[in-house]
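Chemist: need a 3D model of the following:
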Amino acid sequence: MSANPRRAVCPGSFDPITLGHLDVVRRAAALYDEVVVAVLHNPAKQGVFTPEERRDLVLDTCSGVDGVRAEVFANRLLVDVARDLDAGVILKGLRSGNDYAYELPMAMMNRHLSGVETVFLPAAPEFEHVSSSLVKEVVRYGGDVSGLVSDRVRDALTERLRPQ
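Modeler: Take a look at the predicted model:
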């Protein structure tokens, strides 16, 4: 049985989801019948939010986008996640040539392991500079990340990271 070519999996840690991620998910939802945001969890890495909190923030941020759902996956190869979801494609957003250089070998390995293709969507220019890591750093030092993340994500980050 072949995978559903109308279902895409959009993987990431989403710690936290940014408006750049949302832009990619919205654009993917216009191309595919269903987009599964796969919140990947690596127990070796300490995140700001639990995987379940990240999933909930993804669901809240993407609530107005039809055909999108989010699930948590831990200790799994992405190709196994795609296979379990019956996804026909892995979809990744790229902010720069550095992202492409990092993602291309993984895309080639995923195709080698499973035959699943990776589709790259370039970031919208207004989000090329936005990353979860940078957003967290700005909040840690008291900066305002409005316009880079949803209000709920901003408030959750402020509660967790801002010095009192």
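
Chemist: which parts of this protein are strands?
Modeler: All strands of the chain, identified by DSSP state E, fall at 4-12, 34-41, 68-74, 87-94, 117-122.

Chemist: any idea which of the ones you listed is most buried?
Modeler: strand 34-41 (a mean of 24; mean count of other C-beta atoms under 10 Å). To be clear about C-beta, it is placed using only N, CA and C from the backbone, and glycine gets the same treatment.

Chemist: just checking: what are the partner strands of that one?
Modeler: Looking at strand 34-41 with DSSP bridges, its partner strands are strand 4-12 (parallel), strand 68-74 (parallel).

Chemist: got the angle for the longest helix along the chain vs strand 117-122?
Modeler: Using DSSP state H to define each element, the chain has its longest helix at helix 97-114. Using axes from the mean of the first three to the mean of the last three C-alpha atoms, to 10 degrees, one finds that helix 97-114 and strand 117-122 are set 170 degrees apart in direction.

Chemist: any low-confidence regions in this structure?
Modeler: Along the chain, the parts satisfying pLDDT under 70 run over 1-2, 163-164.

Chemist: redo that, cut-off 50
Modeler: Across the chain, the ranges flagged by pLDDT under 50 are 1.

Chemist: that concludes my questions; thank you for your assistance.
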